[in-house]
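> no sequence for this one, just the structure:
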Ligand SMILES: Cc1cc2nc3c(=O)[nH]c(=O)nc-3n(C[C@H](O)[C@H](O)[C@H](O)COP(=O)(O)OP(=O)(O)OC[C@H]3O[C@@H](n4cnc5c(N)ncnc54)[C@H](O)[C@@H]3O)c2cc1C
């Protein structure tokens with residue numbers, strides 16, 4: 001296959017080489033591409049057709065996407081849809097860094113199922129061409145990835161040149177320092193958008209978050225402030241969404257990674273995998289949901305969800321809950337739309353609240369997924385034998401929930417038991433039965449579907 005690419009590329013060597021460079025340059029000036037086409041009087045459809053024709057020449061060749069932020073993931077889908085073979089290079093050990101690692105595994109498999117080749121731990125160090133004019137993307141590991149087209153989606157940094165020239169203070173994050181009403185260090189100047197430093201409402205850290213919703217809300221606050229109203233920007237919780245190949249990932253609030261950076265440790269995490277709507281109505285798809293909440297108060301700190309239906313709706317609800325400093329007990333109680341094609345009588349948001357509230361009320365203790373490989377506890381898989389046979393946590397013992405009450409004598413009383421099942425529901429029931437019978441028990445939240453994220 002590589003020979004084929006080489007032959008095709010070789011026959012168009014100069015053109016490809018120039019195009020590749022052009023693509024890289026174009027990505028660097030994407031913010032200006034729109035202005036350029038506007039300037040030439042090329043807008044809307046015409047601009048898209050030109051862009052499409054430009055990309056079309058690369059059909060059947062390899063496009064390399066560098067970086068797996070939201071833009072990189074969406075770009076991968078677009079290139080595949082244009083007929084390119086796509087390779088993704090990510091310097092981190094995981095893709096989709098807006099998610100915690102165990103949530104990103106699903107994203108990785110989804111991309112691979114659409115023939116996207118994903119490489120993690122590959123930090124790009126340069127671009128080069130060989131004697132035949134084949135463009136290659138070089139990484140620090142010494143690997144060279146052939147590419148006819150390269151897209152860089154490696155993150156955004158505020159360009160504060162103008163602000164610095166105006167003598168405005170720049171914050172530690174590199175963004176322009178502003179106060180609540182978004183006034184800069186020069187009281188005659190307000191600043192909004194991607195280039196300003198704002199407060200993270202969950203961690204209290206300062207951050208720069210390049211999202212359109214923030215920029216727009218800030219514009220209104222600044223306008224109010226300029227006109228003498230006392231509006232203040234509330235801060236951000238970095239609510240974001242992204243879609244590719246039919247999959248949606250959405251996040252709001254803190255991830256465990258950001259909590260670690262902020263030194264926040266008093267929290268717990270639950271996983272659940274509910275269907276997007278009532279299962280008897282066709283088309284329901286699982287939503288893989290992670291909820292992070294403070295202990296012992298239960299204040300919602302963050303949520304991440306991955307799935308193919310209803311994902312962003314649940315994250316939007318939780319985003320509002322975070323903004324109102326709500327707790328998991330509020331999620332238990334929140335009243336949401338329900339008809340079978342839209343949701344469930346116990347919506348995934350309610351379920352997330354219930355599962356977390358069970359922990360805070362002491363109905364169940366959580367086992368730690370990262371410690372699974374080291375624990376001396378007995379791992380008890382309470383699924384049916386055929387499910388266990390299909391696949392199971394390494395070392396787990398199978399005792400179906402349906403037989404548990406009759407077989408309690410087979411279980412050790414001196415050893416902690418960690419219960420597990422498919423999605424975390426049956427193992428919760430099992431843990432209740434065991435606790436009521438005097439065993440020391442913890443539950444592996446989210447069951448085998450969560451295990452799969454930790455151990456792909
Ligand atoms: C490919 C891509 C996809 C995105 N998708 C999403 C999304 O799905 N959801 C989301 O929330 N956000 C998304 N964003 C981010 C979103 O576009 C930005 O957060 C938002 O546009 C920021 O608004 P802003 O006003 O700060 O900056 P911009 O919208 O970038 O506007 C700044 C303007 O100032 C002009 N400018 C810069 N310097 C000067 C100067 N010296 N003199 C005069 N003019 C100047 C620029 O040309 C530009 O027109 C995306 C960004 C990109 C690049």
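Done, it's in. Since this is a predicted model, take the numbers as computed values, not measurements. Numbers count the residues shown, from 1 in each chain.
> Give me the domain ranges for this structure.
Under the assignment automatic domain parsing, the domains of the chain span 2-152, 161-226, 240-360, 369-454.
> what's the closest of those domains to the ligand?
For the domains of the chain, the distance to the ligand is smallest for domain 161-226, at 2.1 Å, taking CB to the nearest ligand atom. Quick note: C-beta positions are derived from backbone N, CA and C, even for glycine.
> can you give me the end-to-end distance of that closest one?
Domain 161-226 has an end-to-end distance of 23 Å (criterion: CA to CA, to the nearest Å).
> how about the closest residue to residue 413 other than its chain neighbours, secondary structure?
Excluding the flanking residues, the one nearest residue 413 by CB to CB, 6 or more residues apart in numbering is residue 439, at 6.5 Å. For residue 439, the assignment made with DSSP: H, G, I helix; E, B strand; the rest coil gives coil.
> quick one, what contacts residue 439?
408, 411, 413, 417 (CB atoms under 8 Å, 6 or more residues apart in numbering).
> try residue 68
Going by CB under 8 Å, 6+ apart, the list of residues near residue 68 reads 88, 90, 92, 95-97, 118, 153.
> and with 7 Å instead?
88, 90, 95-97 (CB atoms under 7 Å, 6 or more residues apart in numbering).
> Can you classify residue 330 by secondary structure?
helix.
> Give me the spatial nearest neighbour of it, chain neighbours excluded.
Counting by CB to CB, 6+ apart, residue 321 is the residue found nearest to residue 330 once chain neighbours are left out, at 6.1 Å.
> Kindly list the main-chain dihedrals of the one you found?
phi -60, psi -40 (degrees, to the nearest 10).
> any idea how far the closest residue to residue 205 other than its chain neighbours lies from residue 146?
Closest residue to residue 205 apart from its sequence neighbours, by CB to CB, 6+ apart: residue 262 at 5.3 Å. Shown here: residue 262 relative to residue 146, a distance of 41 Å by CB to CB, to the nearest Å.
> The two: which has the busier surroundings?
Between residue 262 and residue 146, counting by other CB atoms under 10 Å, residue 146 is the more crowded of the two (18 against 14).
> List buried residues within the contacts of residue 439.
With burial judged by 16 or more other CB atoms under 10 Å, the buried subset of the contacts of residue 439 is 411, 417.
> would you turn the contacts of residue 439 into TSV with secondary structure, distance to the ligand and pLDDT?
Formatted as TSV, these follow (DSSP: H, G, I helix; E, B strand; the rest coil; distance: CB to the nearest ligand atom, whole Å; pLDDT from 0 to 100):
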residue	secondary structure	distance to the ligand	pLDDT
408	helix	53	98
411	coil	51	98
413	coil	54	95
417	strand	45	98
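> Could you measure from residue 393 over to residue 238?
From residue 393 to residue 238 the distance is 33 Å (CB to CB).
> follow-up on the earlier one: tell me both backbone torsions, phi and psi, for the residue nearest to residue 413.
When read as degrees, to the nearest 10, the backbone of residue 439 gives phi -90, psi 160.
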